[in-house]
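Visitor: kindly return the folded structure for what I paste below:
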Amino acid sequence: MNIFNKLIYFAIVLAMVVVVLGAYTRLADAGLGCPDWPGCYGQLIVPDLAPGSIIDGYERPLEPDKGWKEMVHRYAASTLGLVVFLILLLSVTGKPKRDQSLWLPTFLAFFVVLQGLFGMWTVTLKVHPGIVTAHLIGAFATTSMLFWLALNQRVVVKPSTPIPIGSKYLLVFGFVALVLQIILGGWTSTNYAATSCGEFFPTCLGQWWPPMNFTEAMTWGALGEDYEFAKNLDNKAKIAIQMTHRIGAAVVTVTLASIIYTFGRHSHLKPTLLWMGVFMVLQVSLGIMNVVLSIPMAIAVMHNAIALMLLLSMVALIHTIFKPRI
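Guide: Residues are numbered from 1 along each chain as shown. Coordinates of the predicted model:
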C-alpha cells in the first residue's frame, strides 16, 4: 500500500473519530463549552481556572469539562483538515497508485474549509439547529468523499450479469431517503426532540398521533438567538420532529430491505449487502433503545456512528454498481 492510500485510510478513520466526537460534544451539551472560536476564552487550550470562573470579556461562566470536550473535537477536526490538504498535494504530484482525477480531492479540500466555517458559526450563532445540522451533514459528506477516494484505488470487477435500470433507480431512491433521514436525525438532536415522546414506543406519549406543530418544527429560526436546550421550541413542535424522524426511519428501513433483496442475486454484492443489513438492524435497534432508555450517552453516540457506517455501505454499493472497472 503506497503513501497515498495509507493517508486516505488514516483520514477516513480520523473523520469517523471527528463524527463521534462531534456527536458526543453535542449530546453532552458542550457545543458552547468554549464561547469563542477557534480558541477557548481567547486561548488555544481551556483556561486552567475553577469551574464557574468569569473571564474578562466573556459572559458565559467557565465549564472546563465542557470546554475540553469542545476543544478535543476541534483539535481532531483541524488535524483532519491538514490531512485532507496533504491528500490534495499527493494527488497533484501524481502519487495515487491508480488514476485519480483532481476534482474530488480539490473539492474535498474546499469542503473542509467550509466545514471549519460551519464549526465557527455553530459557536458564534449559538448552536442554531440549522447550522449544527448542516455541520453534522458536512462531517458525514466529508467521510463519504474520503471513502469514495479509497474505493477509487481498488479494482472492482465488472459483473457478468447486467443490473436492471429499475434496480438502479431503487438504489438512488434509497440513497436519497437515507440522506434525508440522517438530516432528520440531526434536526431531531439539535432541537432536543429525541425525548419529546417520553419513553413510549411505537406510540408517542401513549398516542399513535399526538398533537403536533409541524409549522414550527420545520422553521429555520432567527439567527443570533440562543438555541441551547431548544429554549425557543414548544413540545408540540418537538413531537412533530420526533414523529417525522420515526416515519422516515420506517420508510428507509423498508427501502433498504428492498435493496438488499433486489441486489442479493448478484454474488459480488453480497458482502456489502450483508454489512448494510447488519448496520440497518443495529440502527433501528439503537433508535428504539434511545427512546425507551431516555437517550443514554453511549447508545446515542453509537446511533450517530452506525448511521455513518450505514451511509458508507450505501456509498460502497453505489461505487461498485455505477463505477465498475476491470
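
Visitor: show me where pLDDT drops low in the stretch 151-300 of the chain?
Guide: 156-160, 231 (pLDDT under 70).

Visitor: what ranges do the strands span in the protein?
Guide: Ranges of strands in the chain, per DSSP state E: none exist.

Visitor: pick out the residue closest to the middle of it.
Guide: residue 140 (4.1 Å; Cα atoms, centre = their mean).

Visitor: in terms of contact, does that residue touch residue 310 like I think?
Guide: No: proximity of residue 140 to residue 310 does not meet the contact threshold set by Cβ atoms under 8 Å, at 10.4 Å. (C-beta placed from N, C-alpha, C; glycine too.)

Visitor: picking that back up, per-residue pLDDT of the residue nearest to the centre of the chain, please?
Guide: Listed pLDDT for residue 140 reads 98.

Visitor: what's near enough to touch it?
Guide: By Cβ atoms under 8 Å, 6 or more residues apart in numbering, the contact list for residue 140 reads 19, 182, 307-308, 311.

Visitor: go with 7 Å
Guide: 19, 182, 308, 311 (Cβ atoms under 7 Å, 6 or more residues apart in numbering).

Visitor: list of residues touching stretch 209-221?
Guide: With Cβ under 7 Å, 6+ apart, stretch 209-221 has contacts from 128-130, 204, 227, 232-234, 236-237, 239-241, 243.

Visitor: would you turn the residues you listed into a markdown table with neighbour count and distance to residue 14?
Guide: Below are the contacts of stretch 209-221 laid out as a markdown table (neighbours: other Cβ atoms under 10 Å; distance: Cβ to Cβ, whole Å):
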| residue | neighbour count | distance to residue 14 |
| --- | --- | --- |
| 128 | 21 | 26 |
| 129 | 23 | 26 |
| 130 | 18 | 26 |
| 204 | 19 | 38 |
| 227 | 25 | 29 |
| 232 | 15 | 35 |
| 233 | 22 | 34 |
| 234 | 12 | 39 |
| 236 | 16 | 40 |
| 237 | 22 | 36 |
| 239 | 24 | 37 |
| 240 | 23 | 36 |
| 241 | 28 | 31 |
| 243 | 20 | 36 |
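
Visitor: tabulate those (TSV), appending distance to residue 196.
Guide: Formatted as TSV, the contacts of stretch 209-221 follow (distance: Cβ to Cβ, whole Å):
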residue	distance to residue 196
128	19
129	14
130	19
204	8
227	16
232	15
233	9
234	10
236	9
237	9
239	5
240	9
241	7
243	9
